[in-house]
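Asks: Prediction below, plus the sequence it came from.
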There are 2 protein chains.
Amino acid sequence: MTGKPLTGKLHVVGLGPGDPMLMTPQVAEIVAQASDIIGYQTYVARVPLRADQNRHASDNREEIARARNALELAQQGRRVCVVSSGDAGVFAMASAIFEAIETGPDEWRALDVEVLPGISAMFAVAARLGAPLGHDFCAISLSDNLKPWDLITHRLRKAAEADFVISLYNPISKARPWQLGAAFDILREVKSPETPVVFATAVSRADENIVIEPLKDADPERADMRTLVMIGSSATRAIERPGGAQWLYTPRRAER
Amino acid sequence: MTGKPLTGKLHVVGLGPGDPMLMTPQVAEIVAQASDIIGYQTYVARVPLRADQNRHASDNREEIARARNALELAQQGRRVCVVSSGDAGVFAMASAIFEAIETGPDEWRALDVEVLPGISAMFAVAARLGAPLGHDFCAISLSDNLKPWDLITHRLRKAAEADFVISLYNPISKARPWQLGAAFDILREVKSPETPVVFATAVSRADENIVIEPLKDADPERADMRTLVMIGSSATRAIERPGGAQWLYTPRRAER
């Protein structure tokens, strides 16, 4: 209708860790209604696209350019869906979208932007293992692309002293090969050598691989870009099962 | 068939924060297949039950009795589904199930037990606000029913020193009326008085209510048993929108 302003919409959604059965119905519905799907190519490839939907797949390191592109399309009246793996708000695209809005043209603040949550990797991993996140926990990105390494080591020390269960996102990449080993060294200064360390790769996908080893032996080489690393608290422990399997859990009860 | 052992199954599932559109298809399927649904009465009431399904609803404080009941039913060959709000592994029933297994009869270790993740409250809250969990964060239960208060204060201090975004689960109850105010006092010793504090009650449900106020004014009376309290990091900030609304987000970039 003449004179009616364009009413675009921007959704920022979390697809979950990989298995479509872990994607919320809310996200599935919004993805189906979108005119434009935007994201890192690996995540965009996970979404079944119809012929009338546009795909905008980009490289992993271009978050702000991707966010601006999404906002421009919404401003033009498109129904835009930015997809992330896991939860969109956890070391993913939601933060980049708001950074782009804050530093962009004023009109972007009037756009209809909505974030939809998803199952973040650490919860899918925890469920597979038992209940290692059954008590207080934290999540730290090990990437020093956007924060200084000494802030990361500061947080690792405080998290170890707090005796949190610690989930490490972005543990390693080709450009960041030594940081995970350095993180284990810091944790070894505070935590017991027997603390369980979980390397969970591609959880909920066909090539899922989970390895648990004590902190004293934890080998950074077990991680790749698709790995979530989880380090137990002092209370996290294994329940041995018949046949050599085990569950890992952190009791609800805790002592100082 | 004669001689065939009973093959019961125990699922421990997270229903998400309330809106059925936030429940994973995996959980919906397992709930539909269960012979017995077990949980806190408020959560069991959320599940649509068929005439051939048994409901075992109990009071909030009976986690271990409930866990044992679930394990006994699975041992008898039933398909049992223990329901929690949010994610089953986050301050919910999964940890109680494994505690019951560890301290129970050896046969329980052979049972087929599977945990299915859900959307935990802090992610539903974060999505509503923008992206406050866009950087390193932690989750702490403020309940001192099962851990000493001085462990909680120790963790609060370390979390504040680490400059995590902090989510407080179980912030208050009739039996624990003063702990949230004491927690704010501790955080005020470390964090800026302008740090945003979010009180998010019944998120994703019809009576959802979200209030944001600076730490210096944060009023514990705003919280009840259905409230998730979130405290920003030093980088968490608001983007003002036309009409007085705002988004809250934590940038991906951080400085020490």
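Replies: Yes, it's here. Numbering: from 1, shown residues only, chains lettered A, B, ... in the order given.
Asks: isn't there a helix covering A:Lys158?
Replies: Yes: membership of A:Lys158 in a helix is supported by DSSP: H, G, I helix; E, B strand; the rest coil.
Asks: correct me, but it touches B:Ala160?
Replies: No: A:Lys158 lies out of contact with B:Ala160 (CB atoms under 8 Å); the separation is 9.0 Å. The way it works is simple: take the backbone N, C-alpha and C, and place the C-beta from them, glycine included.
Asks: the strands in the stretch 151-256 of chain A, which residues?
Replies: Under the criterion DSSP state E, counting those that start in this stretch, strands of the stretch 151-256 of chain A are mapped to A:165-169, A:196-201, A:209-214, A:227-231, A:237-240, A:246-249.
Asks: Direction included, what does the first one pair against?
Replies: Its sheet considered, strand A:165-169 pairs with strand A:137-141 (parallel), strand A:227-231 (antiparallel) by DSSP bridges.
Asks: can you check the fifth one too?
Replies: Next to strand A:237-240 in the sheet, as set by DSSP bridges, lie strand A:246-249 (antiparallel).
Asks: Contacts made by the helix or strand where A:His11 lies with the rest, please.
Replies: A:His11 is part of strand A:9-14, with elements assigned from DSSP states H and E. Residues outside strand A:9-14 that contact it (CB atoms under 8 Å, 6 or more residues apart in numbering or on different chains): A:27, A:30-31, A:34, A:70-71, A:73-74, A:79-90, A:92-94, A:97, A:111-120.
Asks: Relative to the whole chain's centre, how far out is the helix or strand where A:Val31 lies?
Replies: A:Val31 belongs to helix A:25-33 when assigned by DSSP H and E. For helix A:25-33, the separation from the chain centroid amounts to 20 Å (computed by CA atoms, centre = their mean, to the nearest Å).
Asks: Domain ranges for chain A, per the record?
Replies: Listed by automatic domain parsing, the domain ranges of chain A are A:9-119, A:122-249.
Asks: follow-up on the earlier one: can you check what angle separates the strand holding A:His11 from helix A:25-33?
Replies: With axes from the mean of the first three to the mean of the last three CA atoms, to 10 degrees defining the directions, strand A:9-14 sits at 130 degrees from helix A:25-33.
Asks: Would you mind checking the average pLDDT for strand A:9-14?
Replies: Average pLDDT, strand A:9-14: 98.
Asks: Given that strand, what are its sheet partners and their directions?
Replies: Here strand A:9-14 has these sheet partners by DSSP bridges: strand A:79-84 (parallel), strand A:113-116 (parallel).
Asks: Return the most buried member of those.
Replies: Greatest average neighbour count among those goes to strand A:79-84 (a mean of 26), per mean count of other CB atoms under 10 Å in any protein chain shown.
Asks: the inter-axis angle of the next helix or strand after that strand versus strand A:79-84?
Replies: If you walk from strand A:79-84 toward the C-terminus, the next helix or strand you reach (DSSP H and E) is helix A:93-103. Computed by the same axes, to 10 degrees, the angle separating helix A:93-103 from strand A:79-84 equals 120 degrees.
Asks: Show me how far helix A:93-103 is from its chain's centre.
Replies: On CA atoms, centre = their mean, the centre of helix A:93-103 falls 17 Å from that of its chain.
Asks: So for it, what gets flagged as buried?
Replies: Neighbour-count burial for helix A:93-103, with 16 or more other CB atoms under 10 Å in any protein chain shown as criterion, is recorded at A:93-102.
Asks: If we check chain B, which of the residues you listed are in contact?
Replies: Near chain B, taking CB under 8 Å from any CB of the partner chain as the test, the members of the buried residues of helix A:93-103 found are A:94-99, A:101-102.
Asks: Those residues into a markdown table, with extra columns for pLDDT?
Replies: As requested, those are arranged in a markdown table below (pLDDT from 0 to 100):
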| residue | pLDDT |
| --- | --- |
| A:Ala94 | 98 |
| A:Ser95 | 97 |
| A:Ala96 | 97 |
| A:Ile97 | 98 |
| A:Phe98 | 98 |
| A:Glu99 | 97 |
| A:Ile101 | 98 |
| A:Glu102 | 97 |
